[in-house]
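In: I'll drop the sequence and a predicted model, then ask my questions.
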Amino acid sequence: MSVASSAQTTPRDDVHTIELLTTQALEAAQCGDWDRVDACYDARARGLASCKIDRACAQRILAVDDRVREAILVAQAGLSSLLADAAQARRHLRRLRESHGQHEPEHGTLHHEA
């Protein structure tokens with residue numbers, strides 16, 4: 001997913017590549033592939049550094065970026081919900097242990113019985 005050197009491509013090809021990388025970033029975001037999103041945006045940034053785009057293209061790119069941002073917000077909300085659920089489960093387990101007279105295990109310690 002690398003941007004081709006501008007010596008070998010026309011400005012129109014560069015713009016197409018930038019739009020393609022932006023679309024690939026959206027697809028990756030919708031799949032939750034955040035490493036791929038990052039790679040697409042890194043490659044796009046390198047391409048944008050050596051490319052001039054017109055206003056219409058910039059608006060299309062920004063519209064897709066907004067959709068990527070929405071996917072990020074959805075993922076963050078999902079993670080927040082999962083973290084809240086995990087915290088609630090930990091509190092419930094702690095109350096169960098306390099009600100059975102067991103002490104809270106040290107933080108980070110795993111106990112395995114053979």
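Out: Thanks, I have it.

In: which residues does the residue most central in space within the chain contact?
Out: The C-alpha lying nearest the average C-alpha coordinate of the chain belongs to residue 34 (CA atoms, centre = their mean; 3.4 Å). Listed by CB atoms under 8 Å, 6 or more residues apart in numbering, the contact set of residue 34 reads 28, 75. Using the backbone N, CA and C atoms, a C-beta is placed for each residue, glycine as well.

In: Next, give phi and psi for it.
Out: Note on residue 34: its backbone torsions stand at phi -70, psi -30 [degrees, to the nearest 10].

In: The residue lying farthest from the centre of the chain in helix, strand or coil?
Out: The centre of the chain is farthest from one residue, residue 101, which by CA atoms, centre = their mean lies 42.9 Å away. What DSSP: H, G, I helix; E, B strand; the rest coil gives for residue 101 is coil.

In: Neighbours of residue 67, how many?
Out: 15 (other CB atoms under 10 Å).

In: Model confidence at it, what's the number?
Out: Here the pLDDT value assigned to residue 67 is 98.

In: Identify the residues contacting it.
Out: 26, 29.

In: In terms of helices and strands, where is it?
Out: According to DSSP states H and E, residue 67 maps onto helix 55-99.

In: From the chain's centroid, how far away is that helix?
Out: How far helix 55-99 lies from its chain's middle: 10 Å, per CA atoms, centre = their mean, to the nearest Å.

In: re the thing from before, need phi/psi at the residue farthest from the centre of the chain.
Out: According to degrees, to the nearest 10, residue 101 has phi 80, psi 10.

In: Could you tell me how far residue 66 is located from residue 59?
Out: For residue 66, the distance to residue 59 (CB to CB, to the nearest Å) stands at 11 Å.

In: for residue 43, same thing?
Out: Distance, residue 43 to residue 59, using CB to CB: 21 Å.

In: and those two? which has more neighbours close in?
Out: residue 43 (19 against 10).

In: wouldn't the more buried one be in contact with residue 20 here?
Out: No. Using CB atoms under 8 Å, residue 43 is not in contact with residue 20, being 9.8 Å away.
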